[in-house]
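Engineer: Kindly generate the corresponding structure for this input.
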Amino acid sequence: MLRLLAGVAALALGLAATPAASWGVRVHVQLHRYALANLPEPLHAAFAAHPEVVARAGAPDERKSTDPGESVRHFIDIDRYGSYPFTDVPRDLNALIARYGEVTVRANGLLPWVILETAERLAAQMRAGDAAMWLTAADLGHYVSDANVPLHTTENFNGQKTGNGGAHALFEEVLVEAFVRDADVTPRPARAPADLRAYTFDMITASHARIAPFLAAMTRAQERYPRTDPRFFQALWAEGGPNVITSMNNAAFNVASYWLAAWERAGKPELR
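Structural biologist: Got it, this is the predicted structure:
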């Protein structure tokens with residue numbers, strides 16, 4: 001398995017990732033499955049009756065090929081606006097545009113505001129009993145999952161600025177496919193945030209904090225082994241694997257929590 005992945009990863013690492021690259025479709029589906037399992041009743045039963053919430057977890061990525069505006073919805077290069085913990089970055093999109101200009105803001109990604117807008121739309125659809133809610137829930141989960149990938153929060157999205165080219169594919173797919181098993185992902189039960197805007201930016205800030213440790217682990221693995229050697233992946237996983245597991249656990253917990261928050265904001269309707 002590792003030898004096969006070494007060949008695949010060698011090709012992937014040689015390609016330039018884009019800031020819109022995302023968890024692989026299979027990983028998004030897995031994360032939605034973990035999130036669903038952590039919903040309280042009666043929400044769990046309602047979501048479980050609509051398998052499209054899990055099956056369409058990758059739909060936003062599919063839209064990138066037909067919608068030129070979709071890619072910027074999956075990331076935010078928040079470090080272009082300042083330094084961690086980014087307390088000076090306006091949380092209001094209009095305020096951010098007023099400071100930096102719309103062209104710059106769009107180029108740096110719109111992920112947190114896309115999450116908030118999608119959560120509001122989901123709540124409205126739940127309140128109205130609109131059947132579109134299930135696909136909206138799938139979209140919301142996708143964007144929330146992306147926010148929990150550290151490399152979706154930085155202009156160094158592929159490790160290209162630190163000699164770690166190919167980091168994106170390693171974090172999101174290669175290591176997950178090679179090493180992660182269901183037993184490794186044990187997210188907490190869903191808990192609806194009281195302030196979605198503040199929580200969204202706290203989530204992104206926490207995600208960003210995991211960048212440096214992972215890239216440092218990758219640097220040390222590179223110093224010991226070539227990237228075509230299965231031992232490179234084993235060394236990277238030994239040190240960087242907990243980072244990946246943390247991101248997956250946080251993603252599944254947060255996806256379920258945003259679904260729950262939307263339902264509570266809708267007034268806890270019976271979802272038929």
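Engineer: Can you tell me the element the spatially closest residue to residue 29 that is not a sequence neighbour falls in?
Structural biologist: If the residues on either side of it in the chain are set aside, residue 29 comes closest to residue 57, at 4.8 Å by C-beta to C-beta, 6 or more residues apart in numbering. Where you see a C-beta, it was placed from the backbone N, CA and C, and this is true even at glycine. Under the assignment given by DSSP states H and E, residue 57 is not contained in any helix or strand.
Engineer: residues contacting residue 57?
Structural biologist: Going by C-beta atoms under 8 Å, 6 or more residues apart in numbering, residue 57 touches 25, 28-29, 31-32, 138, 141-142, 145.
Engineer: and the gap between it and residue 132?
Structural biologist: Counting by C-beta to C-beta, to the nearest Å, the gap from residue 57 to residue 132 is 16 Å.
Engineer: same deal with residue 176?
Structural biologist: Residue 176 is 30 Å from residue 132, where distance means C-beta to C-beta.
Engineer: out of the two, which sits in the more crowded spot?
Structural biologist: residue 176 (22 against 11; other C-beta atoms under 10 Å).
Engineer: Within the helices and strands, which one has the most centrally placed residue in the chain?
Structural biologist: In the chain, the C-alpha closest to the average C-alpha coordinate belongs to residue 146, at a distance of 1.6 Å (C-alpha atoms, centre = their mean). If you go by DSSP H and E, residue 146 is part of helix 133-147.
Engineer: so after that helix, what's the next helix or strand?
Structural biologist: Next in sequence after helix 133-147, counting helices and strands by DSSP H and E, comes helix 167-169.
Engineer: Count the residues that sit near residue 225.
Structural biologist: Counted with other C-beta under 10 Å, the burial measure for residue 225 works out to 16 neighbours.
Engineer: Double-check it against residue 238; I have them as touching.
Structural biologist: No. With contacts defined as C-beta atoms under 8 Å, residue 225 does not count as touching residue 238, sitting 11.9 Å away.
Engineer: so who does residue 129 touch?
Structural biologist: Under the contact definition (C-beta under 8 Å, 6+ apart), the residues listed for residue 129 are 269, 271-272.
Engineer: do that again at 6 Å, thanks
Structural biologist: Neighbouring residues of residue 129 by C-beta atoms under 6 Å, 6 or more residues apart in numbering: there are none.
Engineer: Look through the protein and tell me its longest helix.
Structural biologist: The single longest helix within the chain, with elements called by DSSP state H, is helix 230-265.
Engineer: okay, the angle between that helix and helix 133-147?
Structural biologist: Put simply, helix 230-265 runs at 140 degrees to helix 133-147, going by axes from the mean of the first three to the mean of the last three C-alpha atoms, to 10 degrees.
Engineer: helices and strands around helix 230-265, which ones?
Structural biologist: Contacts defined by 3 or more C-beta pairs under 6 Å, 6 or more residues apart in numbering; DSSP states H and E place helix 230-265 against helix 2-13, helix 25-37, helix 111-128, helix 133-147, helix 175-179, helix 211-224.
Engineer: Please point out which parts of the second one sit buried.
Structural biologist: If you call a residue buried by 16 or more other C-beta atoms under 10 Å, then helix 25-37 has these buried ones: 27-37.
Engineer: Mind putting these into JSON lines with distance to residue 257 and pLDDT?
Structural biologist: Compiled in JSON lines, these are given as follows (distance: C-beta to C-beta, whole Å; pLDDT from 0 to 100):
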{"residue": "27", "distance to residue 257": "19", "pLDDT": "95"}
{"residue": "28", "distance to residue 257": "17", "pLDDT": "96"}
{"residue": "29", "distance to residue 257": "19", "pLDDT": "97"}
{"residue": "30", "distance to residue 257": "17", "pLDDT": "96"}
{"residue": "31", "distance to residue 257": "13", "pLDDT": "97"}
{"residue": "32", "distance to residue 257": "13", "pLDDT": "98"}
{"residue": "33", "distance to residue 257": "16", "pLDDT": "98"}
{"residue": "34", "distance to residue 257": "12", "pLDDT": "98"}
{"residue": "35", "distance to residue 257": "9", "pLDDT": "98"}
{"residue": "36", "distance to residue 257": "12", "pLDDT": "98"}
{"residue": "37", "distance to residue 257": "13", "pLDDT": "97"}
